[in-house]
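Student: mind looking at a prediction? Sequence and model below.
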Amino acid sequence: MSSEKDRVGQRVGVLLSGGVDSSVAAQQLLQAGCVVSGVFITIRNPAHIPCTAMADRQDAMRACAALDIPFLEYDATAVYQEKVIEPFVEAYRQGETPNPDVLCNRFVKFAAAFSFVLGKGFSCVATGHYAQVREVDSMHRLYRSVDVEKDQTYFIYTIAQEVLNRVLFPVGGYTKQQVRAFARDAGLPAAEKKDSVGLCFLGDVSMQDFLSAYIEPKTGEVRLSAGGAVVGSHDGVWFYTPGQRHGFTITIGERGPYVVVGKDVAHNVLFVRPSDDVVDGSDRFTLKDAVFRRLPVDGEHLVARYRHRGALYPVLLELHDDFVVVVFTEKHVIAKGQSVVVYGHDEECLGGGVVSG
């Protein structure tokens, strides 16, 4: 976005979650001379999920009161159901392992809520994400945060260029420890509030508990690799992902540890191997729904990760008309539906895509 001095007088809508990061984002923008309002995204959770929305809403209102800024509210229940929950559950039915936080950021925060804020006359939107935006060669680019442990670019890699041009990440240039100190110094109510965990907007709920309301558990066989002997049982292949080491029952032979290496969705069969015998994997993965704000230049060193805060591995990209192939220098086991996010020069997040094969 623009430099600090250029932000003076800008009207900024900050997406407040009720946590310390978004509260400090608002505080930092006020300090920079912006005209700030807080915007809370309301989502009415499914009946089977414990709801923390009211408590989070109160915390967001307290942050606005402490900062003496207006409080706005946007109800994203419908778009969350259509764009996050429904495709998320359907992907699991098809045997994939999607990331709900990627979907949530793409369709709720940086699409629906973004449009709501701009529709209220604000010039840009800010969030408490740990990421950075820099202007390079007249183009706004997304970079990893200063705090590498808190970096959230993996979750927001799909952000469109036209959106990135009007987004601010005020805490991305600081460590979490510094953000906590800012909150304490400013007397913000969320200064000591614990970081949120669990699924986006759903709180601390297990994946199986969430999915069980949509996909009925069904006992199936656990087999040693494809075509191997039956060694146990499970509650339904939809609830498991490659690399998982628990949640199924081994009743025959050595008790483990075993690792999930595949699944037959049509016949509800889970395939496992002893953990010291896992050699499956690939160095090539086809990405669908690929989003790249900038394509790499010839010779640019690229790295990629396939989980939040996961290791960064050297990769090459093969660009095709309808898909992208990411090529690792060693074999990995990556579940279909997971996102692979690619970084280029100087820790710039170029984009990524969803593993389809």
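Tutor: The structure has been received and is ready for your questions. Numbers count the residues shown, from 1 in each chain.

Student: sec struct for residue 290, please.
Tutor: Residue 290 carries the three-state label strand when classified by DSSP: H, G, I helix; E, B strand; the rest coil.

Student: nearest spatial neighbour of it, chain-adjacent residues omitted?
Tutor: residue 353 (3.4 Å; Cβ to Cβ, 6 or more residues apart in numbering). Any C-beta I mention is one placed from the backbone N, CA and C, and that applies to glycine too.

Student: which elements pack onto the helix or strand encompassing that neighbour?
Tutor: According to DSSP states H and E, residue 353 maps onto strand 349-355. Identification of packing neighbours for strand 349-355 by 3 or more Cβ pairs under 8 Å, 6 or more residues apart in numbering; DSSP states H and E yields strand 139-144, strand 282-292, strand 339-343.

Student: what does that strand contact?
Tutor: Strand 349-355 is contacted by residues 98, 131, 142-144, 153, 157-158, 285-296, 302, 304, 306, 323-324, 326, 334-344 when judged by Cβ atoms under 8 Å, 6 or more residues apart in numbering.

Student: got the angle between it and strand 339-343?
Tutor: Interaxial angle of strand 349-355 relative to strand 339-343 (axes from the mean of the first three to the mean of the last three Cα atoms, to 10 degrees): 160 degrees.

Student: in its sheet, what does strand 349-355 sit against?
Tutor: strand 282-292 (antiparallel), strand 339-343 (antiparallel) (DSSP bridges).

Student: re earlier: per-residue pLDDT of the residue nearest to residue 290, please?
Tutor: The score at residue 353 is 97. That number is its pLDDT.

Student: do the same with residue 195
Tutor: pLDDT recorded at residue 195 is 83.

Student: mind checking which helix or strand of this protein has the lowest mean pLDDT?
Tutor: helix 207-212 (a mean of 78; mean pLDDT, DSSP states H and E).

Student: can you give me the buried ones in that helix?
Tutor: Within helix 207-212, the residues that count as buried by 16 or more other Cβ atoms under 10 Å are 207, 210, 211, 212.

Student: which strand residues bridge residue 220?
Tutor: Beta bridges link residue 220 to residue 234, judged by DSSP bridges.

Student: let's have the chain start at 462 instead
Tutor: Let's use 462 as the start, then, which means that last one is residue 681.

Student: quick check: residue 634 touching residue 593?
Tutor: Yes - between residue 634 and residue 593 there is a contact at 6.1 Å, judged by Cβ atoms under 8 Å.
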